[in-house]
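K.L.:
heads up, no residue letters with this:
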């Protein structure tokens with residue numbers, strides 16, 4: 001397809017010239033059959049007023065067998081005068097007595113970039129966001145090794161099962177930033193498959209051959225079955241044109257999110273719940289006391305903590321360190337492990353002592369919450385009830401990790417039993433519920449209340465019902481992780497940042513796609529696996545620079561008894577970056593730019609006029625503006641007549 005606005009021809013699948021694939025599963029036996037659409041017995045293409053109607057009939061398995069009555073029907077239509085192409089999967093037909101649908105990939109690897117030939121980047125909303133450059137890149141030595149080594153392995157073929165946003169794209173390194181963005185409009189049952197500078201070499205290894213396929217960067221929508229069938233028409237829209245680099249794509253999707261109701265600004269939310277203003281620039285201080293992993297009093301390191309200690313931390317944040325804002329989150333205070341909570345734990349002191357800590361936080365202008373999780377089911381808990389769990393098609397309960405086992409049909413009921421009592425006893429103005437904002441899934445249980453089996457669409461709706469219920473209680477609400485569909489009902493989360501264990505390919509070039517879309521819609525703290533108390537990922541200084549760049553406050557996960565050794569750093573971080581973070585907290589992030597080939601110097605621009613430039617490197621760097629940035633330094637303009645600048649230095653005392 002040629003984009004007439006830029007003259008770029010976006011090519012179909014560079015590997016197999018395939019339109020896509022359909023995967024079926026035999027009901028008896030469970031064998032999976034993969035059918036290449038381009039190998040169908042008959043392919044019909046009919047012109048319509050604004051596009052094409054395409055039918056692939058007589059699908060063939062990879063062994064060549066034709067499946068009777070099978071078909072795949074799609075339409076491709078221009079979207080009026082806009083440079084957009086609508087793609088709809090209308091029908092997937094097969095013998096439903098013999099097979100069930102697993103998934104369909106369509107269109108396969110459309111718009112693929114050939115590595116080192118089509119210089120540009122693939123753009124993927126993976127965690128905070130990722131790009132996959134197709135040019136030769138500059139990275140620290142070991143990072144480069146990891147990046148290049150992975151492109152030679154199956155690790156460069158990534159399935160994105162829960163994309164943070166339902167879009168992807170690609171662009172070319174041209175002055176006009178010619179590119180395309182694909183926005184999936186029916187996203188409850190979609191995944192993305194990403195080929196990140198790969199040749200599919202693993203398919204040839206067993207024969208001792210070198211792959212003859214070109215090295216490409218490409219993404220494909222994977223349309224998942226809804227209870228074994230297509231279920232409903234699937235839709236995606238490709239937008240083409242200039243100024244569609246990763247920033248342009250993010251802004252294009254932001255407008256889409258506004259139209260479809262999945263964008264609601266923090267300013268709008270704060271008008272409904274004024275205490276949300278307390279989140280502006282608030283460091284997230286999570287005080288861990290063993291819960292929920294251990295019942296109260298079980299772990300010796302946490303058995304002796306007191307609510308007086310919690311109150312002392314709050315008062316030290318306010319009176320000792322003089323933090324104008326903070327969000328204090330106690331992982332403790334409850335007796336029943338998930339999915340329960342109440343009654344409140346009185347071993348650390350009377351409930352009045354815990355309420356005194358909450359009141360101290362509120363008096364300081366802070367927010368305070370306890371940890372809750374209605375998605376988890378712990379085997380050692382007396383509340384264990386396997387009937388609460390999700391069920392697979394064969395009736396087996398979903399086990400795995402204890403978190404996110406409980407079917408969403410129970411969430412609101414469990415919350416109604418717990419959260420109002422916590423609010424009444426403590427007067428908290430905020431709530432935290434783990435894992436509810438992500439991982440929606442199908443359920444086949446027949447012993448749950450409500451309608452079953454449940455599709456992913458229904459599961460998502462049940463999760464949203466929980467989130468909205470908590471906000472209707474007047475609470476500032478959040479939890480771990482976030483996806484686009486939950487944004488209107490979530491005020492903050494931990495989990496926007498890319499954790500160190502993420503894909504080697506897709507974590508090498510983290511890019512703030514999420515913040516370019518949703519920075520002013522929720523406070524997106526970094527990932528809990530890469531908080532400020534851990535050396536995984538990057539060090540403390542780089543985390544400060546990283547979060548200053550995108551306007552996100554620090555996040556500290558602390559054992560309660562470790563607070564004294566961290567208090568000075570919490571204070572230093574706020575003195576260095578707190579004023580800026582409070583200023584831009586509810587701003588739109590307008591722009592992000594990488595100023596040096598090694599990505600060490602980056603710049604962002606916010607809607608209030610603030611511009612932040614940071615240098616992650618170890619030497620003074622010239623940004624071309626006449627104002628060099630020192631090593632591990634930053635420069636902020638737009639908050640007054642004079643820039644705010646600083647640098648973090650390693651000091652040695654002998």
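P.N.:
Great, that's in hand. In this text, all values refer to a predicted model and were calculated from it rather than measured experimentally.
K.L.:
give me phi/psi at residue 52?
P.N.:
As for residue 52, its main-chain torsions (degrees, to the nearest 10) stand at phi -130, psi 150.
K.L.:
That one contacts residue 73, correct?
P.N.:
No. With contact defined as C-beta atoms under 8 Å, residue 52 does not reach residue 73; the gap is 11.4 Å. C-beta here means a position set from N, CA and C on the backbone, and glycine is covered the same way.
K.L.:
how far away is the nearest residue to residue 386 once chain neighbours are set aside from residue 444?
P.N.:
For residue 386, ignoring the flanking residues on the chain, the nearest one in space by C-beta to C-beta, 6 or more residues apart in numbering is residue 397 at 5.7 Å. Using C-beta to C-beta, to the nearest Å, residue 397 is found at 10 Å from residue 444.
K.L.:
any common contacting residues for the two?
P.N.:
Among the neighbours of residue 397, those also in contact with residue 444 (C-beta atoms under 8 Å, 6 or more residues apart in numbering) are residue 391.
K.L.:
Enumerate every residue touching residue 345.
P.N.:
Shown in contact with residue 345 (C-beta under 8 Å, 6+ apart): 296, 332, 333, 334, 335.
K.L.:
okay, these in CSV with secondary structure and distance to residue 529 next?
P.N.:
Rendered in CSV, the data for the contacts of residue 345 read as follows (DSSP: H, G, I helix; E, B strand; the rest coil; distance: C-beta to C-beta, whole Å):
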residue, secondary structure, distance to residue 529
296, coil, 25
332, coil, 21
333, coil, 24
334, strand, 24
335, coil, 28
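K.L.:
now these in TSV, with neighbour count?
P.N.:
Conversion of the contacts of residue 345 to TSV gives the following (neighbours: other C-beta atoms under 10 Å):
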residue	neighbour count
296	21
332	23
333	25
334	23
335	16
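K.L.:
Could you give the number of residues near residue 499?
P.N.:
Residues within reach of residue 499, counting by other C-beta atoms under 10 Å, total 15.
K.L.:
thought it was touching residue 530?
P.N.:
Yes. Judged on C-beta under 8 Å, residue 499 makes contact with residue 530 at a distance of 5.5 Å.
K.L.:
what about the strands in the stretch 401-550 of the chain?
P.N.:
Per DSSP state E, counting those that start in this stretch, the stretch 401-550 of the chain has strands spanning 430-433, 476-480, 492-494, 523-525. These are given in chain order.
K.L.:
With distance to residue 34 and mean neighbour count added, can I get those strands in CSV?
P.N.:
Shown next, in CSV, are the strands of the stretch 401-550 of the chain (distance: least, C-beta to C-beta, whole Å; neighbours: other C-beta atoms under 10 Å):
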stretch, distance to residue 34, mean neighbour count
strand 430-433, 39, 26
strand 476-480, 35, 27
strand 492-494, 37, 25
strand 523-525, 38, 27
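K.L.:
Out of these, the one nearest residue 401 is which?
P.N.:
Using C-beta to C-beta as the measure, strand 476-480 is the one of the strands of the stretch 401-550 of the chain that comes nearest residue 401, at 12.8 Å.
K.L.:
So, low pLDDT: which residues of the stretch 1-150 of the chain?
P.N.:
Counting by pLDDT under 70, the stretch 1-150 of the chain has no low-confidence residues at all.
K.L.:
ranges for the strands of it?
P.N.:
Listed in chain order, the strands of the stretch 1-150 of the chain (DSSP E, counting those that start in this stretch) span 2-3, 8-9, 21-26, 32-36, 42-47, 51-57, 71-78, 84-93, 99-105, 113-114, 120-124, 130-133.
K.L.:
Likewise for the stretch 151-300 of the chain?
P.N.:
Counting by DSSP E, counting those that start in this stretch, the strands of the stretch 151-300 of the chain are 157-160, 167-172, 179-184, 190-198, 216-224, 234-241, 284-288.
K.L.:
elements contacting the first one?
P.N.:
Just to be clear, that refers to strand 157-160. Using 3 or more C-beta pairs under 8 Å, 6 or more residues apart in numbering; DSSP states H and E as the contact criterion, the neighbours of strand 157-160 among helices and strands are strand 190-198.
K.L.:
Listing partners with orientation, what would you give for the strand it packs on?
P.N.:
Strands flanking strand 190-198 in the sheet, each with its direction: strand 157-160 (antiparallel), strand 216-224 (antiparallel) (DSSP bridges).
K.L.:
Now do it against strand 167-172: the angle between them, please.
P.N.:
Our comparison of strand 190-198 with strand 167-172, counting by axes from the mean of the first three to the mean of the last three C-alpha atoms, to 10 degrees, yields an angle of 30 degrees.
K.L.:
May I have the predicted confidence score for residue 453?
P.N.:
Per-residue confidence at residue 453 stands at 82 (pLDDT).
K.L.:
ok, and the closest non-adjacent residue to it?
P.N.:
Setting aside the residues directly before and after it, residue 453 is nearest to residue 444 in space (C-beta to C-beta, 6+ apart), at 4.6 Å.
K.L.:
Out of the strands of the stretch 151-300 of the chain, which is the most enclosed?
P.N.:
Stretch with highest mean neighbour count among those: strand 167-172 (a mean of 27; mean count of other C-beta atoms under 10 Å).
K.L.:
Could I get the average pLDDT for that one?
P.N.:
The predicted model assigns strand 167-172 a mean pLDDT of 98.
K.L.:
One more: stretch 604-611?
P.N.:
Model confidence over stretch 604-611 averages 98 on the pLDDT scale.
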